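[1] Need the 3D shape of this:
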Amino acid sequence: MTSVSHASKRCNALLSSVALSCFLLPAEGSLRPAQSHHVLDPVVVQPTATPTRVRRTTSGKPTRAARSRQQRNVAADTGAPVATPTGPVFAAPTLNLTGTTSTGSRLGLTRLQTPASVEVISAETMGERGQQNIIAAVTQNATGFTAQPAPGNGSIAFNTRGFNGNGTVMTLYDGTRLYVGSGTLTFPYDTWSSERIEVLHGPASVMYGEGAIGGAINVVSKLPLWVPRNQAEISFDTNMERRIAVDSGGPVSKDVAYRITAIGSMSDGWVDRDHQSNVEVHAAVQIKQTEDITWTISADYGDRSPSRYFGTPLINGKLDTSLRFQNYNVSDSSIRYQDSWNQVKTEWRVSDGITLRNTLYYLNSQRHWRDEESYVYNARTGLIDRGGGNYIEIFHDQAQIGDRFDATFRGHIFGMVNEFVTGFDVNNISFTHTNNSPYAGSSSVPLFNFNPGSFYATTSPTVPGFSTTTNQYGVFAENRLSVTDQLSLIGGIRQDEPTVERTDYVTPGNSYEKAYHATSWRAGAVYTPIQNLAVYGQYSVAVDPVSNLITNSAANSTYQLSSGKQVEVGVKQSFWGGRGEWTLAGYEIVKNNLLARDPNNLNVTLQVGQQSSRGIEASVGFALDHGWRIDANTAFLRAKYDDFLQSVGGLPVNYAGNVPVNVPQNVSNVWVTWAFAQNWSANAGVQIIGKRFADNANTLEMPAYNVVNAGLQWRPDVNTTVSLRIYNLFDTVFATSGGTNQWLLGMPRTAQLAVNVKF
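    The predicted model follows:
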């Protein structure tokens, strides 16, 4: 009877955990502050952002605030606890399974405690490998991630688990998303101001709302420092890129600290006539109002004139490598992105078991394109036909103001440790699209030695085309119940209610107002049979818009959000005293409600299509003796359309069974680092990308490729590092993305010399 009664209590506790959590009040009795049943030994690679401060007390014992600060770092970006340096310390920035992340959970769980695939790319890793932009850092380190950067999407667009683009793989900055308008995202770009990049594989809508069935990438900025530190770096490469970066931080007083980072770069580019420039500034101030209340105020600004290379035209459906350095854009083409992010974050530790966080933000993006973007080889004339209605001028004016609040409660339910977080997210987004549609103009140029010509005004003036106002609010909750020392159950739910109002200035009849409703949720379990070994399973539901939510056309506004479901199981382990780790995950994602043609009337589009992917992802890392370190990961997937009927030449064609465009079926990364002598180290990495298809019919194949990057570092003294890096060591010609007429090629072999000084 005792056993049955005990089991009944466990069952009732599981069913009522989420419901009871919101009423948790920590007390000295039955509701004690949550403590881990066992301590994970983390590999610490960086000092904590703030020092431990102990309030004076007449009793001679530490106060509650002092006790809690001995166990966590006041991380103002998320408020999540950070692993205490209780375990061994190794100079292996890639070994971090026992460190906490904010991207996979709002409860401050470690990667081992999270029932999902989460990776962390540290600033040390990015700096060592010479990864100076977000695309390089993610695709060369994260398992199964590739990218399809192009000037038209802001050069920030990722692919993972069979899904691609900014509408289904989300990018965030400090946990805050800028809603994607017209498929474009332009910030953040440079990695200098990043403390780390956290990557969540699979559906993330329960964390961040619609638009994340494939995954989420969270770029976490550098926090103010409580120990003075200054750093500067200057570099120069064979593409004539000149780059200078500075980083300064330290305390202003015992309660105020600051951090300022800035980079400036100019480049001639690696194709003809492709001058580029980039300026990014990050400034943050952290204020400790009391021992329990922390404010972090930050401002970021980016002004980027990126590459104006839109791709290399195919010759009779094939890539001609002799055209590798040709730029077929007009001579006076212009692209400019100006972004600003302003955030005020507050964290209040009300008690040992209650923490409140709030983020108030204002984001703004101004973008301008003025160029010729389409190049098609004409077999009859032997010329490159430019245009066909693609002399384009576009302006984006986007502003977003919002607030995100959450409250975390930690305590016990029926003797079991329980953690619960709930909150809301509200936004107002305004977007104005100005262009010279209907686009016109055309010209033709030879393959080589041509006059690029100038952009000329067409019969269509550049005027506002449409504007939208989006009001969005969402509520979310997440709960973790530690059933036993080894078993924990984790669940979350989010409800989003966006309303979009579009005003069409050209065709007023295409104006509309649309309200959407989206429910995302996930449920998972983590079992740790031995310390630092976790087996997990998860089921999640997420949503994507049929295109970008805030810029949906009148036709697409009639459709509901697409939905996706994922099942994932996996195992993770940190071993050998923290000097080794490995992960293995298997998943299946099914996304339905895609747009497809009505088989009985090809002029009618129905929301009946379906796409799926299933795959395996694995990673391993070792910090070996004699200065060796090895990091490797690989992903194999089978992505396909299950039902995708389209009209081709007026006839119905179902692409069921075909692979989605720009999706490789296997992706791998291998990095080897060797500290071969005192103050000397070398590294080399290979990125292995499988073949992709450039069309839905899978008739045009983009070949597989391998790219090798290598570097040599010398530290003449403790504060100086001299680096020689060679990107694309073997000068491989490869396409990063493309369509049926032109492909964007990757950077050729490039050598860079950099000097980093700390003072």
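
[2] what residues are up against the spatially most central residue of the chain?
    Residue closest to the mean C-alpha point of the chain, counted by Cα atoms, centre = their mean, is Ile217 at 1.7 Å. Applying Cβ atoms under 8 Å, 6 or more residues apart in numbering, we find Ile217 in contact with 134, 138, 158, 169-172, 197-200. Bear in mind the C-beta positions are built from the backbone N, C-alpha and C, glycine included.

[3] is it possible to export the residues you listed to TSV including distance to Leu745?
    Below are those laid out as TSV (distance: Cβ to Cβ, whole Å):
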residue	distance to Leu745
Ile134	20
Val138	20
Phe158	19
Val169	22
Met170	27
Thr171	23
Leu172	29
Ile197	25
Glu198	30
Val199	26
Leu200	30
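
[4] Give me the number of neighbouring residues for Asp300.
    22 (other Cβ atoms under 10 Å).

[5] Enumerate every residue touching it.
    173, 187-188, 193, 221, 280-283, 339-342.

[6] just Arg111 next, same as before
    Contacts of Arg111 by Cβ under 8 Å, 6+ apart are 96-101, 104, 118-120, 572.

[7] can you give me phi and psi for it?
    Note on Arg111: its backbone torsions stand at phi -60, psi -30 [degrees, to the nearest 10].

[8] How is the nearest residue to Val648 once chain neighbours are set aside assigned, secondary-structure-wise?
    Counting by Cβ to Cβ, 6 or more residues apart in numbering, the nearest residue to Val648 once its immediate chain neighbours are dropped is Ala697, at 7.7 Å. Following DSSP: H, G, I helix; E, B strand; the rest coil, the label given to Ala697 is coil.

[9] Gln148 versus Ala697, what's the distance?
    With distances defined as Cβ to Cβ, to the nearest Å, the gap from Ala697 to Gln148 amounts to 19 Å.

[10] which one of those two has more residues nearby?
    Shown here are Ala697 and Gln148; by other Cβ under 10 Å, Gln148 has more neighbours (23 against 14).

[11] wait, doesn't the more buried one sit right on Thr736?
    Yes - taking Cβ atoms under 8 Å as the definition, Gln148 is a contact partner of Thr736 at 6.5 Å.

[12] follow-up on the earlier one: now name the helix or strand holding the residue nearest to the centre of the chain.
    For Ile217, the element it lies in under DSSP states H and E is strand 215-221.

[13] any idea of the mean pLDDT for that strand?
    If you average the pLDDT over strand 215-221, you get 96.

[14] How about exporting it as CSV, limited to the C-alpha atoms?
    Coordinates of each C-alpha in strand 215-221 appear next as CSV, following Å, rounded to 0.1, in the frame of the first residue of the first chain:
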residue,chain,number,x,y,z
GLY,A,215,16.0,26.3,-35.6
ALA,A,216,17.3,29.5,-34.0
ILE,A,217,20.6,31.3,-33.8
ASN,A,218,21.1,33.6,-30.8
VAL,A,219,24.0,36.0,-31.0
VAL,A,220,24.9,37.1,-27.4
SER,A,221,26.7,40.4,-27.0
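
[15] Tell me the neighbouring strands of the following helix or strand past it, and mark each as parallel or antiparallel.
    Next helix or strand after strand 215-221 toward the C-terminus (DSSP H and E): strand 229-237. Strand 229-237 has the following sheet partners, assigned by DSSP bridges: strand 242-253 (antiparallel), strand 750-758 (antiparallel).

[16] could these go into a markdown table alongside mean neighbour count, distance to Gly577 and mean pLDDT?
    Shown next, in a markdown table, are the strands paired with strand 229-237 (neighbours: other Cβ atoms under 10 Å; distance: least, Cβ to Cβ, whole Å; pLDDT from 0 to 100):
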| stretch | mean neighbour count | distance to Gly577 | mean pLDDT |
| --- | --- | --- | --- |
| strand 242-253 | 16 | 32 | 97 |
| strand 750-758 | 16 | 29 | 98 |
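
[17] what about the helices in the protein?
    Ranges of helices within the chain are 2-21, 64-69, 123-128, 134-141, 205-208, based on DSSP state H.

[18] How about Phe325: what's its closest non-neighbour residue?
    Nearest to Phe325 is Val271, by Cβ to Cβ, 6+ apart, at 5.2 Å.

[19] likewise Gly609?
    Nearest non-adjacent residue to Gly609, counting by Cβ to Cβ, 6+ apart: Leu594, 3.1 Å away.

[20] hmm, back to that, report the beta-bridge partners for the residue nearest to the centre of the chain.
    Here Ile217, judged by DSSP bridges, has bridge partners Thr171, Val199.

[21] about what we covered before: looking at the contacts of Asp300, spot the one nearest Ala477.
    When these are compared for distance to Ala477 (Cβ to Cβ), Tyr173 wins out at 24.0 Å.
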